[in-house]
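Trainee: Here is a sequence with its predicted model. Questions after.
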Amino acid sequence: MMNSSDSARVYARENAERFQNELFEMLRIPSLSGDPAHKGDIKRMAEWLETHLRALELQNVQIMPTAGHPVVYGEWLGAGADKPTVLVYGHYDVVPALLEDGWHTDPFEPTVQDGKVYARGATDDKGQLFIHVKALEAYLKTNGAAPVNVKIFLEGEEEISSPNLVPFIKEHLDLLKADVCVISDTSMRSIDEPAILHSLRGMTYAEIEVEGPKEDLHSGLWGGAVHNPALALVEILGKLYNADNTIAVPGFYDDVVPLTEQERAMIAKTDLTAEQFKQSTGVPEIWGWDTEYSIRESIAARPTLDINGMWSGWSGPGPKTIIPQKAGAKISSRLVGDQDPNDIFDKLKKYIESITPPTVKVKVSLLTTGKPALFPINIPEMQAAAHAYEKGWGATPVFTRGGGSIPVVAEIADMMKIPVVMMGYGLDDDGLHSPNEKYSLEMFQRGIETAIVYLEELANM
């Protein structure tokens with residue numbers, strides 16, 4: 001006799017082609033959050049999702065306004081107050097895509113080749129968020145009920161750093177109240193090696209502006225007596241690092257949570273060799289690699305400080321012999337638990353001001369922040385995810401840390417006081433934000449079945 005998850009999985013298999021076609025409908029909508037010209041497409045995408053959730057007979061389905069693009073919300077609370085409530089977060093917006101960027105096919109006309117669908121948003125994040133919608137549908141259509149309560153929470157601004165998400169969550173804490181949040185917006189190295197992220201790095205993003213003379217100066221008349229702001233900027237940037245390539249900012253590493261032996265053992269399962277690293281990045285040699293840490297530990301579990309852009313002086317055709325009036329750079333730090341983004345900015349600013357020579361003026365401005373997220377891997381919600389992959393995906397997952405940043409993860413954990421489980425169903429090489437983004441239809445199907453089992457595992461915690 002089949003249990004509820006077994007019958008739901010059978011339903012998912014029997015309806016696999018329809019599920020895929022519905023996903024393709026989503027992918028045809030160019031819901032670019034960063035382009036005002038596509039505001040109508042964002043609205044159309046939100047309305048499509050609202051209609052779809054209503055058709056599944058979810059309750060309280062609505063498009064909820066923010067100061068920017070809207071949130072789509074729906075809930076099924078029929079499991080009762082004695083069962084856990086799961087908050088499913090996803091984002092329906094995408095980044096730009098044009099044929100001339102190097103796409104082989106129209107980025108907004110889904111094209112299937114070799115079992116993969118090529119389209120913008122296929123894996124980031126329409127395909128992955130839709131997995132949870134279909135998992136819930138499978139339960140409701142076969143059993144009339146799901147084993148836990150489910151709230152669907154979909155935003156339209158993730159690709160522009162979610163400027164209105166925190167105010168929305170603060171205003172709707174009661175509506176969104178849940179016991180665990182699950183997010184599928186991450187990936188795994190190979191289809192046979194599913195990964196559960198239990199950590200993401202945070203972010204401090206700043207801008208440095210160095211100012212010298214009152215205006216650009218003739219380098220023949222004034223060169224040799226005026227400290228060139230471009231040179232001063234380079235000197236400042238060079239002093240941000242020690243001789244061993246660690247970060248020289250005093251106190252920068254104070255709040256870094258050390259890696260445990262258990263974490264290091266898990267990370268080692270997904271480590272890269274030097275040759276794999278060089279092949280993936282195209283660099284001739286590894287830089288700044290502290291031999292105390294493996295490559296994977298360095299890029300996922302250690303903080304960084306990077307120069308993201310620099311500008312100054314004349315860069316047009318031909319010569320223009322000037323001493324520029326100012327120079328600037330954008331810098332960012334990827335942070336790990338328990339580093340505080342604002343504290344790191346204060347330390348950066350203080351240090352940069354202290355090493356700036358008196359021959360120039362400096363201004364250090366904070367542009368954006370994001371908190372790091374770190375969750376224990378032995379909590380029941382994480383272990384339920386591991387069991388779900390074993391039963392639904394057919395492979396034991398690895399727990400690992402992610403080097404990137406998804407600010408909503410830390411915000412949800414901080415404001416709602418619940419764990420966030422990051423169950424990725426994509427591949428590292430799916431081409432997120434790149435031309436020819438793709439998504440494996442087999443992984444889409446296996447993801448739905450894993451999400452089905454996860455709801456059952458949560459109910460049995």
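Mentor: Received, thanks. Computed from a predicted model, the values in this text were never measured in an experiment. Numbering: from 1, shown residues only.
Trainee: for Ile183, what are its contacts?
Mentor: Counting by CB atoms under 8 Å, 6 or more residues apart in numbering, Ile183 makes contact with Val88, Tyr89, Gly90, Ile406, Val408, Val409, Val420, Val421, Met422, Met423. Yep, even glycine has a C-beta here, placed from its N, CA and C like the rest.
Trainee: do that again at 7 Å, thanks
Mentor: Tyr89, Val409, Val420, Met422 (CB atoms under 7 Å, 6 or more residues apart in numbering).
Trainee: and if you look at Ala274?
Mentor: Here Ala274 is in contact with Ile286 (CB under 7 Å, 6+ apart).
Trainee: Could you check how far it is from Met266?
Mentor: 21 Å (CB to CB, to the nearest Å).
Trainee: same thing with Asp192?
Mentor: 17 Å.
Trainee: try Ile286
Mentor: 22 Å.
Trainee: hang on, the earlier thing: the more surrounded of Asp192 and Met266?
Mentor: Met266 (19 against 9; other CB atoms under 10 Å).
Trainee: quick one: the more buried one is in a helix?
Mentor: Yes: under DSSP: H, G, I helix; E, B strand; the rest coil, Met266 falls within a helix.
Trainee: That one reaches Val398, doesn't it?
Mentor: Yes: here Met266 reaches Val398: they are 5.8 Å apart, a contact under CB atoms under 7 Å.
Trainee: got the CA positions of stretch 193-206 in PDB?
Mentor: These are the backbone C-alpha positions of stretch 193-206, laid out as PDB (Å, rounded to 0.1, in the frame of the first residue of the first chain):
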ATOM      1  CA  GLU A 193      26.300  14.700  -5.600                       C
ATOM      2  CA  PRO A 194      23.500  16.700  -4.200                       C
ATOM      3  CA  ALA A 195      24.500  19.500  -1.800                       C
ATOM      4  CA  ILE A 196      22.800  21.200   1.100                       C
ATOM      5  CA  LEU A 197      24.300  24.600   1.900                       C
ATOM      6  CA  HIS A 198      24.400  25.500   5.500                       C
ATOM      7  CA  SER A 199      26.400  28.700   5.200                       C
ATOM      8  CA  LEU A 200      26.500  31.700   2.800                       C
ATOM      9  CA  ARG A 201      29.000  34.600   2.900                       C
ATOM     10  CA  GLY A 202      27.800  38.100   3.700                       C
ATOM     11  CA  MET A 203      28.800  41.300   2.000                       C
ATOM     12  CA  THR A 204      30.200  44.700   2.700                       C
ATOM     13  CA  TYR A 205      30.500  46.800  -0.500                       C
ATOM     14  CA  ALA A 206      32.200  50.200  -0.300                       C
END
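Trainee: avg pLDDT for that stretch?
Mentor: Averaging pLDDT along stretch 193-206 yields 93.
Trainee: so how far is Ile307 from Ala206?
Mentor: Ala206 is 11 Å from Ile307, by CB to CB.
Trainee: And those two? Which one has more around it.
Mentor: Neighbours per residue (other CB under 10 Å) separate Ala206 from Ile307, with Ala206 holding more: 22 against 12.
Trainee: ok, now which ones touch Val95?
Mentor: Val95 neighbours (CB under 7 Å, 6+ apart): Glu159, His433.
Trainee: Quickly note the distance from it to Arg201.
Mentor: Applying CB to CB to Val95 and Arg201 gives a distance of 20 Å.
Trainee: In stretch 338-352, which residues are buried?
Mentor: Of all the residues in stretch 338-352, those buried under the rule 16 or more other CB atoms under 10 Å are Gln339, Asp340, Pro341, Asp343, Ile344, Phe345, Lys347, Leu348, Lys349, Tyr351, Ile352.
Trainee: Next, Val112: secondary structure please.
Mentor: Here Val112 is recorded as strand under three-state DSSP.
Trainee: Show me what it is bridged to.
Mentor: Beta-bridge pairing of Val112 under DSSP bridges involves Val117.
Trainee: hey, where'd the helices end up in the stretch 101-250 of the chain?
Mentor: 127-142, 165-171, 173-176, 219-222, 229-238 (DSSP state H, counting those that start in this stretch).
Trainee: which one of those is the most hemmed in?
Mentor: For these, the largest average neighbour count (mean count of other CB atoms under 10 Å) is found in helix 127-142, namely a mean of 25.
Trainee: which among the buried residues of stretch 338-352 gets closest to Ser219?
Mentor: Ile352 (26.0 Å; CB to CB).
Trainee: Which of the residues in stretch 146-164 are classified as buried?
Mentor: 146-162, 164.
Trainee: need the contact list for the residue nearest the centre of the chain.
Mentor: Nearest residue to the geometric centre of the chain (CA atoms, centre = their mean): Ile406, 3.7 Å. Neighbouring residues of Ile406 by CB under 7 Å, 6+ apart: Asp185, Leu200.
Trainee: pLDDT weak spots in the stretch 1-150 of the chain?
Mentor: Low-confidence segments of the stretch 1-150 of the chain (pLDDT under 70): 1-2.
Trainee: how about 50 then?
Mentor: Low-confidence regions of the stretch 1-150 of the chain, defined here as pLDDT under 50, do not occur.
Trainee: nearest to Gly212, of the helices of the stretch 101-250 of the chain?
Mentor: Using CB to CB, the nearest of those to Gly212 is helix 229-238, at 4.0 Å.
Trainee: average pLDDT for that closest one?
Mentor: The model assigns helix 229-238 a mean pLDDT of 98.
Trainee: what do you get for stretch 432-439?
Mentor: pLDDT averaged over stretch 432-439 gives 95.
Trainee: Can you tell me what sits against that stretch?
Mentor: 95, 101-104, 116-120, 122-124, 127, 426, 430-431.
Trainee: buried set for that stretch?
Mentor: Within stretch 432-439, judged by 16+ other CB under 10 Å, the buried ones are Leu432, Ser434, Pro435, Asn436, Glu437, Lys438, Tyr439.
Trainee: would you put the C-alpha positions of that stretch in CSV?
Mentor: Provided in CSV are the C-alpha atoms of stretch 432-439 (Å, rounded to 0.1, in the frame of the first residue of the first chain):
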residue,chain,number,x,y,z
LEU,A,432,23.4,31.4,-13.9
HIS,A,433,23.5,35.0,-15.2
SER,A,434,25.5,33.8,-18.3
PRO,A,435,24.5,33.2,-21.9
ASN,A,436,22.8,29.8,-22.5
GLU,A,437,21.6,29.3,-19.0
LYS,A,438,20.2,25.8,-18.8
TYR,A,439,18.4,23.4,-16.5
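Trainee: Span of stretch 304-319 from start to end?
Mentor: End-to-end distance of stretch 304-319 (CA to CA, to the nearest Å): 36 Å.
Trainee: so how far does stretch 396-407 reach from one end to the other?
Mentor: Start-to-end, stretch 396-407 (CA to CA) is 27 Å.
Trainee: which residues does Leu366 bridge with?
Mentor: Beta-bridge partners, per DSSP bridges, of Leu366: Ala206.
Trainee: What is the burial count for it?
Mentor: Counted with other CB under 10 Å, Leu366 comes out at 15.
Trainee: That one and Phe345 touch, don't they?
Mentor: Yes: counting by CB under 7 Å, Phe345 is a contact partner of Leu366 at 5.0 Å.
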